[in-house]
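Participant: Kindly return the folded structure for what I paste below:
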Amino acid sequence: MMFRRSAARVAVESRKARLMRSLASAAIAAALLSPGLAAAQQPTAVIPKQTIYPGETIEASMLEVVDVTNPDITDGYVGSLEEVEGKVTKRTLLPGRVILTSALRDRYAVERGSTVRLIFNKGGLTITAAGSPLEDAAIGELIRARNIDSGVIVSGTVMADGTIHVVAK
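Facilitator: Numbering: from 1, shown residues only. This next block holds a predicted model:
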């Protein structure tokens, strides 16, 4: 048995093909005529304007955003100011060089040797005590701290207000 397409179906398919060709050519023309689109696709990198030493807090005035023109540059560099501002450097950052994300850390919420408040919650019971962190830590990190009164070492999570919420064993 032989099948034949109806004339109406052939006309509909040819209209679809013409429409698709015209849409494709319009998209190509728009891409070629719009240099702004090509520029929007270009990646950016953040570089220091001055030498930034380890332990310094980074501010926007120290930095500059530039277009990445080297296609062989590896990933792992900072692409926007929002990723860097307020962070602290782990190593020296040189002017004109890209900033690697591995060279930055969050600001410490608690510092080793300082006095902090230890808080333990279980059900309706809340115990607070003075403590001393045994290491520097940023918000959300799990660290060890010594209870100043008893000398017991506990582990807890650093909170935004500088307290340590002790975890139960």
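
Participant: surely Ala103 meets Val88?
Facilitator: No: contact criterion CB atoms under 8 Å: Ala103 and Val88 do not qualify, at 10.1 Å. C-beta here means a position set from N, CA and C on the backbone, and glycine is covered the same way.

Participant: Of these two, give the one with the bigger neighbour count.
Facilitator: Using other CB atoms under 10 Å as the criterion, Ala103 and Val88 rank with Ala103 on top: 20 against 16.

Participant: Spit out the contact partners of the more buried one.
Facilitator: Ala103 sits next to Thr89, Lys90, Arg91, Leu93 when contact means CB atoms under 8 Å, 6 or more residues apart in numbering.

Participant: Top of the residues you listed by number of neighbours, please.
Facilitator: Per-residue neighbour counts (other CB under 10 Å) across the contacts of Ala103 peak at Leu93, which has 25 neighbours.

Participant: got a list of contacts for stretch 76-95?
Facilitator: Outside stretch 76-95, the residues touching it (CB under 8 Å, 6+ apart) are 43-60, 63, 65, 98-108.

Participant: Can I have the buried ones of those residues as a ChimeraX selection?
Facilitator: Here is the ChimeraX selection string for the buried members of those, based on 16 or more other CB atoms under 10 Å:
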select :45,46,47,48,52,58,63,98,99,103,104,108
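
Participant: Go through the contacts of stretch 76-95 and flag which are in helices.
Facilitator: The members of the contacts of stretch 76-95 all map outside helices under DSSP state H.

Participant: from the contacts of stretch 76-95, which ones fall inside strands?
Facilitator: Within the contacts of stretch 76-95, residues falling in strands by DSSP state E are Thr44, Ala45, Val46, Ile47, Pro48, Leu63, Val65, Leu104, Arg105.

Participant: Any chance of these in CSV with pLDDT and distance to Thr74 as columns?
Facilitator: Compiled in CSV, the ones in strands among the contacts of stretch 76-95 are given as follows (pLDDT from 0 to 100; distance: CB to CB, whole Å):
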residue, pLDDT, distance to Thr74
Thr44, 88, 16
Ala45, 88, 12
Val46, 90, 15
Ile47, 90, 16
Pro48, 93, 19
Leu63, 91, 20
Val65, 90, 19
Leu104, 93, 17
Arg105, 91, 21
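
Participant: Closest one to Val167 out of the residues you listed, please.
Facilitator: Among the ones in strands among the contacts of stretch 76-95, Arg105 lies closest to Val167 (CB to CB), at 23.0 Å.

Participant: right, and that closest one touches Ala137 too?
Facilitator: No: between Arg105 and Ala137 there is no contact under CB under 8 Å: 10.6 Å.
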